[in-house]
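[1] I'll drop the sequence and a predicted model, then ask my questions.
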Amino acid sequence: MEILCRLCNDARKLFVSQDMRTLTFLLLLITLGQSCKKDNPVIVNATVTKEGGAAAGYYLVEIEQPDDRHHNFICDASNPLPAASQYNCRNAIFITNLPSSARVPGTRIRFSKYRNLGRNPIWSSTLVPSDVEVYDVEIR
C-alpha cells in the first residue's frame, strides 16, 4: 500500500509541476482573451434619395459600397438585373423609421445597428430593395 501511495505522489508531481501550472494558466488567459474579443460592427454608409416605399414615411436610401457578404439586406450579386434598374436590391434599401433630421434627400448617413425586414410582399419584383429598421442613424 505504501508503494502505491508513493507512486501516486510521484505521478501527481509529474503532472502538476510548476511548468504545467504555468502552461495551464497561459492557455486559460489566451482562451479568455479570445472569447472576450468583440466583433467590430460593420458601418453602413448611405445617402437618402427620396421618400417612397410600401408605406408613408419610408425612405429610399442608396448604399455606398454595398457588399452582400457584410450586409444581409443586399441581394446576391450573381442574380441578373435589368439594365434600366437604377435602385434595386443590390444598391439600396427602404428605411422604415428614418429620423426626421435625416429625411432630406441628399443627406449622407451612417448606421451599424439594423433589422432587415425583407422585401415587402406588395412588390411584384424580387429585385426591389429590402425594408430595413435602423437604430443608430448618424448624419455625416
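    Structure received. Numbering: from 1, shown residues only.
[2] Provide the contact partners of the longest strand along the chain at residue level.
    The longest strand of the chain (DSSP state E) is strand 44-51. Strand 44-51 is touched from outside by 57-65, 71, 87, 92-93, 98, 102-112, 114, 140, with contacts defined as Cβ atoms under 8 Å, 6 or more residues apart in numbering. Where you see a C-beta, it was placed from the backbone N, CA and C, and this is true even at glycine.
[3] quick one: residue 44 and residue 28, what's the gap?
    Counting by Cβ to Cβ, to the nearest Å, the separation of residue 44 from residue 28 is 37 Å.
[4] now do residue 54
    Distance from residue 54 to residue 28, by Cβ to Cβ: 52 Å.
[5] So which elements touch the helix or strand harbouring residue 94?
    Using DSSP states H and E, the element containing residue 94 is strand 92-95. Counting contacts by 3 or more Cβ pairs under 8 Å, 6 or more residues apart in numbering; DSSP states H and E, strand 92-95 is packed against strand 59-63, strand 130-134.
[6] tell me the secondary structure for residue 101?
    Secondary structure, DSSP: H, G, I helix; E, B strand; the rest coil: residue 101 is helix.
[7] what residue ranges in this structure score low on pLDDT?
    Low-confidence segments of the chain (pLDDT under 70): 1-2, 4-18, 32-39, 79, 82-85.
[8] Which residue ranges make up the domains of it?
    If you go by automatic domain parsing, the domain ranges for the chain are 2-36, 44-139.
[9] so of the ones you listed, which one's packed in deepest?
    domain 44-139 (a mean of 15; mean count of other Cβ atoms under 10 Å).
[10] what's the offset of that one from the middle of its chain?
    A distance of 15 Å separates the centroid of the chain from that of domain 44-139, by Cα atoms, centre = their mean, to the nearest Å.
[11] Quick one: end-to-end distance for it.
    12 Å (Cα to Cα, to the nearest Å).
[12] Numbering from 515 from now on, please.
    Yep, numbering from 515; the last one is domain 558-653 now.
[13] Contacts for stretch 611-626, please.
    555-565, 571, 573, 575, 647-654.
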